[in-house]
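**Q** Dropping the sequence and predicted coords here.
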Amino acid sequence: TGVVPFVALLLLQRRPVAGRALLVTGSGCPGHGLCRSNVQEQTRRQVALLNATAQDLFSLYLKCQGEPFSSEADKLCNPSSIFFPPFRVNRTSERKEIMVAMYKLFVFLNASLGNITRDQEELNPTAKELLDRLHNTTKTTRGLISNLTCLLCKNYNIFQVDVSYGESSKGKSSFKKKQQGCQVLRKYVQVIAQAARILLPHLSP
């Protein structure tokens, strides 16, 4: 447990670890002057893109893992046993609360995507389409985190957020790595759809 600024959080994105950073507000918000003028529109497009491509990513992931994942996805990819940050906001929540919840969600997802990508580079090094999609999704997620960072700083002077990172798959068997990946991606499909429904109206022009 400790206070970790945004800059440090961004450096941790490729390492899914358990960690928490205390949410505080203050006068030291770093880098908010670097926000682009179209940051809100860019954020909206990134969320919409992630939502539109999530199911295809999950389906391609299953296809590349082979059996028994292709035929027993409902059983093996049930995400009920994995940790995922609670997402308790809805359309009636305050905009500030929604933005903080989104930041927590996408930091977690970004770390998880990094974990899955590393495993797939090891387990399926020739699955070019899957690896490309994982890299592109991670790139979009990182850009979204950067934009959410700007919006939180600029609009609410928040520059530290309490976050959680998913469980690393290092040291697990190939089967467990594949299973953890499909559980996370199935949950991702569900949560990104919910996030898009809640966040997009708040980012409309």
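**A** Everything's here; your move. All figures in this text were calculated on a predicted structure; none of them were measured in a lab.
**Q** Could you use CA atoms for every contact and neighbour count after this?
**A** Fine.
**Q** buried set for stretch 139-157?
**A** Buried positions in stretch 139-157, judged by neighbour count with 16 or more other CA atoms under 10 Å: 140-142, 144-154, 157.
**Q** just the helices in the protein please.
**A** 6-11, 39-65, 73-76, 95-123, 128-156, 174-203 (DSSP state H).
**Q** So what's the gap between stretch 180-189 and the chain middle?
**A** Its chain's C-alpha centre and that of stretch 180-189 lie 11 Å apart, by CA atoms, centre = their mean, to the nearest Å.
**Q** Please state the mean pLDDT value computed over it.
**A** The predicted model gives stretch 180-189 an average pLDDT of 95.
**Q** Just checking, which helix or strand of the protein averages the lowest pLDDT?
**A** helix 6-11 (a mean of 41; mean pLDDT, DSSP states H and E).
**Q** Any figure for the gap between the residue lying closest to residue 98 once chain neighbours are set aside and residue 146?
**A** Nearest residue to residue 98 in three dimensions, chain neighbours excluded: residue 89, at 6.1 Å (CA to CA, 6 or more residues apart in numbering). As judged by CA to CA, to the nearest Å, residue 89 and residue 146 stand 21 Å apart.
**Q** which stretches of the chain have low pLDDT?
**A** Within the chain, the ranges that satisfy pLDDT under 70 run 1-34, 204-205.
**Q** one more time with 90, if that's ok
**A** Across the chain, the ranges flagged by pLDDT under 90 are 1-40, 70, 80-96, 99, 149-171, 195, 198-205.
**Q** In it, which residue is most central in space?
**A** residue 109 (2.2 Å; CA atoms, centre = their mean).
**Q** who touches it in this structure?
**A** Residues near residue 109 by CA atoms under 8 Å, 6 or more residues apart in numbering: 141, 188.
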